[in-house]
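> Below is the sequence, then the predicted model.
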Amino acid sequence: MKNYLLSLAALGFSLGLLAQRPPANTPPATATGNSAPDPKTVVYNIPFNPDNTVTTEHEVTIKGTKVPYKAITGTQPVWDREGKVEAGVFFTYYERTDVKDRATRPLVISFNGGPGTASLWMEIGYTGPRILNVDDEGYPVQPYGLKDNPHSLLDVADIVYVDPVNTGFSRPVSKDIPTTRFFGVKADVEYLAEWINTFISRYNRWASPKYLIGESYGTTRVSGLALELQNTHWIFLNGVILVSPTTLGIDRSPREAAALRLPYYAATAWYHKKLPADLQKKDLTAMLPEVEAFTMNELLPAINKGWNIDEAKRKEVVGKMARYSGISEKVIEQQNMDVSTSLFWKELLREEGFTVGRLDSRYKGIDKKNGGESPDYNAELISWEHSFTPAINMYLREELKYKTDLRYYVFGPVNPWDRSNDRTGENLRMAMAENPYLHVLVQSGYYDGACDYFNAKYNLWQMDPAGKLKDRMHWEGYRSGHMMYLRKEDLESSNENLRKFIRKTIPKAGEPAKY
């Protein structure tokens, strides 16, 4: 890494914020409770500058070509309506330095989810120029550290990774700032749209083709931002990329939810070799269409009938559910054909003494007891925290030279989060309808049990039931989980598909945006 340049530091502020995040499997403390603060999210009076950056210069080889770039790391303010600074949002901006025409150079704005997690996952796991050391399937290895990413998007686009307030190094400037300003579906979209507007102006990116990419709750965030940016800030996008999307506020009845899980169950059971021999011998993507058809054409109607279903038909449906899920007919009957994900994670490998992961069901966990209806912990998330946390701290503090005594919030205190009026799926549809340039790409992992692949497809069908926008919507699946890019094979293919998406969605010079 080469020499770095410190930029001018603006206003200095002190942060005095004491926040709590409830430990796993415990209810949040009430206003009158005596629960001790979660040590992971306690913050003391540590100096915090909400408008301060540091610049470093680097080079990476991507697809055989040397790409010089600069990394601008630091904070940019969030202002209230009176122009007072309310918070500093931390970001890392990568800009290729051998590009002369920035007007035609795409800009990708990247968010992760939670809603209380930082952007480290896609920055050092997926699209950034440096990636963490993990094995070929994504498991932690030591020594911790990073290496160049030969598949990074930086060859075709500049990228900014954004940490919303109380994630990463982002903080409010005072404990007196109302949390409702930031922590909710609507509030989150509104202040981040303002922040993006400022960023585009500061870094002269108004002419650039623009893309939003979000993962997990980040898909809720970018779906809402697409319309907010367009209608409030007159910022029009070329593309929105949804990695492991949520339901985007699109309603599912309890019966729909129960049925739509089955294709994910089938994929996971196939991976762990729990399906009958005739299904197991098929390739994953050859087997799943049969399960998907059963889900929509038989299972969903059967669950909706409740006790009014014919007994013979009920037994037939339960038998097929068992065949496709790897779960016994007895358990399915006991659950009235509504097998929760937590029970599935506990039940599939119960006899072998393992649980399976929530966000990536390839991962196995070990519980204290084989009995029970849910795992003791999320095996995959613990594994990821194990590898990502040292790497992001080493990277930002040592390689990118960002100096602070603040704790880096992998997961920060953002609760309570106002989830009311989540219409982000409809927001995205409306943004697409208004903007003929706007395309959507969805990337899903077949083994993701939190934001499963079949519900991601279902989103697209329900967002646009008439099919008027389907030519600008594309879904693709990967043989991994929530963070499909941690698997070496999928890291390469998913980045390449992002490249193709970006190139495809930049119109030819002079091509009008019209129907």
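Cool, got the structure. What you see is a predicted model, and the numbers here were worked out from it, not measured in a lab.
> Could you use CA atoms for every contact and neighbour count after this?
Noted.
> does Ile159 really touch Val108, like I thought?
Yes - assessed by CA atoms under 8 Å, Ile159 is found in contact with Val108 at 4.7 Å.
> Tyr161 belongs to a strand, doesn't it?
Yes - according to DSSP: H, G, I helix; E, B strand; the rest coil, the state of Tyr161 is that of a strand.
> What about the closest residue to it other than its chain neighbours, how many residues nearby?
Distances taken as CA to CA, 6 or more residues apart in numbering put Ser110 closest to Tyr161, at 4.8 Å, once the chain neighbours are dropped. Around Ser110 there are 25 other residues, counting by other CA atoms under 10 Å.
> Please save the CA atoms from whichever strand or helix holds Ser110 in PDB.
Using DSSP states H and E, Ser110 sits in strand 107-111. Taking C-alpha atoms only, strand 107-111 is exported to PDB below (Å, rounded to 0.1, in the frame of the first residue of the first chain):
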ATOM      1  CA  LEU A 107     -21.200   4.600  -9.500                       C
ATOM      2  CA  VAL A 108     -22.400   1.800  -7.200                       C
ATOM      3  CA  ILE A 109     -23.700   2.700  -3.700                       C
ATOM      4  CA  SER A 110     -23.600  -0.300  -1.400                       C
ATOM      5  CA  PHE A 111     -25.600  -1.100   1.800                       C
END
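> Need the residues that contact that strand.
Residues outside strand 107-111 that contact it (CA atoms under 8 Å, 6 or more residues apart in numbering) are 118-119, 122, 157-163, 205, 208-215, 218, 221-222.
> and if we set it to 7 Å?
Under the contact criterion CA atoms under 7 Å, 6 or more residues apart in numbering, strand 107-111 has outside partners 119, 157-162, 208-215, 218.
> hang on, the earlier thing: beta partners for the residue nearest to Tyr161?
Beta-bridge pairing for Ser110 (DSSP bridges): Tyr161, Ile213.
> From Glu57, how far out is it?
Note on Ser110: its distance to Glu57, by CA to CA, to the nearest Å, is 21 Å.
> And the host helix or strand of Glu86, what does it pack against?
Using DSSP H and E, Glu86 sits within strand 85-96. On a contact count with 3 or more CA pairs under 7 Å, 6 or more residues apart in numbering; DSSP states H and E, strand 85-96 meets strand 65-79, strand 158-163, strand 171-172.
> hmm, who's touching it?
Strand 85-96 is contacted from outside by 50-51, 67-80, 154, 158-165, 168-173, 177, using CA under 7 Å, 6+ apart.
> out of the residues you listed, which are buried?
Buried by 16 or more other CA atoms under 10 Å: 50-51, 67-78, 154, 158-165, 168-173, out of these.
> Show me the contact partners of the helix or strand Ile200 falls within.
Element membership for Ile200, per DSSP H and E: helix 185-202. The contact list for helix 185-202 (CA under 7 Å, 6+ apart) reads 78, 181-182, 206, 221, 224-225, 228-229, 418-419, 422.
> Okay, buried residues for that helix please.
185-197, 199-200.
> In CSV, please show the C-alpha coordinates belonging to it.
Coordinates of each C-alpha in helix 185-202 appear next as CSV, following Å, rounded to 0.1, in the frame of the first residue of the first chain:
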residue,chain,number,x,y,z
VAL,A,185,-38.1,2.1,7.4
LYS,A,186,-39.2,5.6,6.4
ALA,A,187,-36.7,7.6,8.5
ASP,A,188,-33.8,5.4,7.2
VAL,A,189,-34.6,6.0,3.6
GLU,A,190,-35.2,9.7,4.0
TYR,A,191,-31.9,10.6,5.7
LEU,A,192,-29.8,8.3,3.6
ALA,A,193,-31.3,9.8,0.4
GLU,A,194,-30.2,13.2,1.7
TRP,A,195,-26.7,11.8,2.5
ILE,A,196,-26.4,10.3,-1.0
ASN,A,197,-27.4,13.6,-2.6
THR,A,198,-24.6,15.3,-0.7
PHE,A,199,-22.1,12.6,-1.6
ILE,A,200,-22.9,12.8,-5.3
SER,A,201,-22.4,16.6,-5.1
ARG,A,202,-19.1,16.4,-3.1
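> Now do that helix against strand 107-111, angle only.
If you take axes from the mean of the first three to the mean of the last three CA atoms, to 10 degrees, helix 185-202 sits at 150 degrees to strand 107-111.
> Also compute the angle for helix 185-202 relative to strand 65-79, please.
120 degrees.
> what's the distance between Gly371 and Leu343?
Distance check for Gly371 against Leu343: by CA to CA, it reads 11 Å.
> With neighbour numbers in mind, choose between the two.
Using other CA under 10 Å, the more surrounded residue of Gly371 and Leu343 is Leu343, with 17 against 12.
> so that one sits in a helix?
Yes - using three-state DSSP, the assignment for Leu343 is a helix.
> Just to check, it is in contact with Pro375?
No - with contact defined as CA atoms under 7 Å, Leu343 does not reach Pro375; the gap is 8.1 Å.
> Could you look up the SS state of the residue positioned nearest the centre of the chain?
The centroid of the chain falls nearest to Glu215 when counting by CA atoms, centre = their mean (1.8 Å). Following three-state DSSP, Glu215 is assigned to strand.
> all helices of the stretch 1-150 of the chain, in order?
Applying DSSP state H, counting those that start in this stretch to the stretch 1-150 of the chain gives helices spanning 120-122.
> Now do the strands in it.
4-6, 13-15, 46-48, 52-62, 65-79, 85-96, 107-111, 130-132, 146-148 (DSSP state E, counting those that start in this stretch).
> Against which helices or strands is the fifth one packed?
Pointing back at strand 65-79 there. When contacts are defined as 3+ CA pairs under 7 Å, 6+ apart, strand 65-79 packs onto strand 52-62, strand 85-96.
> hmm, try it at 8 Å
Counting contacts by 3 or more CA pairs under 8 Å, 6 or more residues apart in numbering; DSSP states H and E, strand 65-79 packs against strand 52-62, strand 85-96, helix 185-202.
> Arg261: which of those is closest?
Closest approach to Arg261 among the helices and strands packed on strand 65-79 (CA to CA): helix 185-202, 24.9 Å.
> and Gly138, what does it touch?
Gly138 sits next to 486-488 when contact means CA under 8 Å, 6+ apart.
> still on that earlier bit, turn the strands of the stretch 1-150 of the chain into TSV, columns for distance to Leu428 and mean pLDDT.
TSV is the format used below for the strands of the stretch 1-150 of the chain (distance: least, CA to CA, whole Å; pLDDT from 0 to 100):
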stretch	distance to Leu428	mean pLDDT
strand 4-6	39	37
strand 13-15	36	29
strand 46-48	35	87
strand 52-62	32	98
strand 65-79	24	98
strand 85-96	24	98
strand 107-111	16	98
strand 130-132	30	97
strand 146-148	34	97
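> Which one, of these, ends up nearest to Gln335?
Comparing these by CA to CA, strand 107-111 comes nearest, at 37.1 Å.
> How far does that closest one sit from its chain's centre?
Centroid separation for strand 107-111 versus its chain: 12 Å, with CA atoms, centre = their mean, to the nearest Å.
> Okay, and the closest residue to Arg350 other than its chain neighbours sits in which element?
Distance criterion CA to CA, 6+ apart; nearest residue to Arg350, sequence neighbours excluded, is Asn370 at 6.2 Å. Applying DSSP H and E as the criterion places Asn370 outside every helix and strand.
> tell me the pLDDT at Asn370?
Looking at Asn370, its pLDDT is 95.
> Can you report how many residues neighbour it?
Neighbour count of Asn370, defined by other CA under 10 Å: 18.
> if I pick it, what's in contact with it?
Residues near Asn370 by CA under 8 Å, 6+ apart: 350-351, 353-354.
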